[in-house]
Structures are given as structure tokens and as C-alpha cells.
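Colleague: structure for this input, please:
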Amino acid sequence: MRSTTCLTLVLFAACHHRAPQGPVLLQSNDPQTWTNVSLTVSGSEADDDKRKSCVEEAHTAGIQLVAGAPIAGTLYFLDENDYLDTGAPGGKITFGAMGSNATCKLALAKLVNLDTVVPMSKQEPKDCKPIGGVEGSDSGFLHPGSYEAAVVEAQFMVRARGGNFFVQDAVRQEATHVVINGRGYLCAK
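Modeller: Now for the predicted structure:
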């Protein structure tokens, strides 16, 4: 009995993991990506769940997270006013109250200049090839979902399908869930 207790204590001590303290540079290994980003997650509220959210959002957006990429930023999760620091003059972008997935989506969109890569309009573009319908959404828990995060999700979806223009057709709010419907296009630039 005594040896079992010692073995259990040794196994518990050996398996005990502590959450990383301080900034953590995120990295991923995704096969289908269109750009590389170096994203560090830091701040008093940064934890493994928020880091995982950012890795998942990058994967969904087709963004490879790599150390030393030319596009870089640090995302700070705080008690209030999470923000992205791009390191450029005036490069501090503050986010309102929203879930970590939405914050990660918006930070990645800002870093890759998504509004330039896949501009959004409510008007159909001329001389562009349609690539199909897309839907973006975001859900809140204690707060409403983010309209901006839903739009960004739709824009990333257009990019993932090879498009470069998003037309927003409809927005609907269902309790704390926001849904954006629209169409993607491939336009000559």
C-alpha cells in the first residue's frame, strides 16, 4: 500500500503541468495557407483556451502562424479592452467586449489587411466571376455576438475559396448570435 501511494504521488508530480506564464508565440502547421503571420498572445487574461482560439481561427482563415513572419503582432488579453499591437506607429488597435474567437478573428484580419485583400460592399461588382454564397457568424455569451467578427469570418471564407471580393446580402441577429450572408467574387485587380 505504501509503495502504491508513493508511485501515485510521483506520477502526479511528474504529470502536473503549469500554464505558460508571460507572452507565448503561437505557431501552427497548416497545409492550405495563403499567408504567414507571427502572432504572440500576452496579457493578464491570456490562457491556453485563448491561445487555442487564435490557432483555430488562423487555421480556419488559411493563415500559417510562424515565428519571424514579416507580418507580426502581439494580441493582449486583459480584464477590459483587449488590444492588438502591430509594433508600427499608431499600431495599437483596441477591441470591445467580445469572445476570444472574435478577438482573434479581428486581430488576424487587421494584421493581414483583410479589408484590402477582400473588400466588402453591398453592391454587386462588375465584370467579376461569382464563387458562391458565404456565411459568417459570431456568438456572444454575456454580450451580443460581434457584427465585425461575423463579417471578417465571411471575408476569410471568400479568400479561402479563391475570391477577393465580398458582397453582404443580409444580417440577422438571433439573441446573442449574429449571422452575415453574402456572396464571394473573383475580380481582376
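Colleague: measure H59 to D169 for me?
Modeller: 27 Å (CB to CB, to the nearest Å). For every residue, glycine as well, the C-beta is placed using N, CA and C.
Colleague: which of the two has more neighbours?
Modeller: Neighbour tally, H59 and D169, criterion other CB atoms under 10 Å: the higher count belongs to H59, 17 against 14.
Colleague: which helix or strand contains that one?
Modeller: helix 48-61 (DSSP states H and E).
Colleague: so how far is that helix from its chain's centroid?
Modeller: When C-alpha coordinates are averaged (CA atoms, centre = their mean, to the nearest Å), helix 48-61 and its chain have centres 6 Å apart.
Colleague: I'd like to know which elements it is packed against.
Modeller: strand 24-26, strand 35-42, strand 63-65, helix 100-111, helix 147-160 (3 or more CB pairs under 8 Å, 6 or more residues apart in numbering; DSSP states H and E).
Colleague: among the ones you listed, which is nearest D49?
Modeller: helix 100-111 (6.8 Å; CB to CB).
Colleague: tell me the first helix or strand C-terminal of the closest one.
Modeller: Using DSSP H and E, the first helix or strand after helix 100-111 is helix 114-117.
Colleague: buried stuff in stretch 58-77?
Modeller: Of all the residues in stretch 58-77, those buried under the rule 16 or more other CB atoms under 10 Å are 58-66, 69, 71-77.
Colleague: over to stretch 147-160?
Modeller: Buried-residue list, stretch 147-160, by 16+ other CB under 10 Å: 148-160.
Colleague: so where's this protein shaky on pLDDT?
Modeller: Across the chain, the ranges flagged by pLDDT under 70 are 1-21, 28-31.
Colleague: just checking, T35 touches I63?
Modeller: Yes - look at T35 against I63 with CB atoms under 8 Å: they come within range, at 5.8 Å.
Colleague: mutual contacts of the two, please.
Modeller: V112 (CB atoms under 8 Å, 6 or more residues apart in numbering).
Colleague: element containing G136?
Modeller: Going by DSSP H and E, G136 is in strand 128-139.
Colleague: which residues touch that strand?
Modeller: Here strand 128-139 has contacts from 98-99, 101-102, 105, 145-147, 149-158, 161-163, 165-166, 176-188, using CB under 8 Å, 6+ apart.
Colleague: would you mark the buried spots in it?
Modeller: Quick answer for strand 128-139 (16+ other CB under 10 Å): C128, I131, V134, G136, S137, D138, S139.
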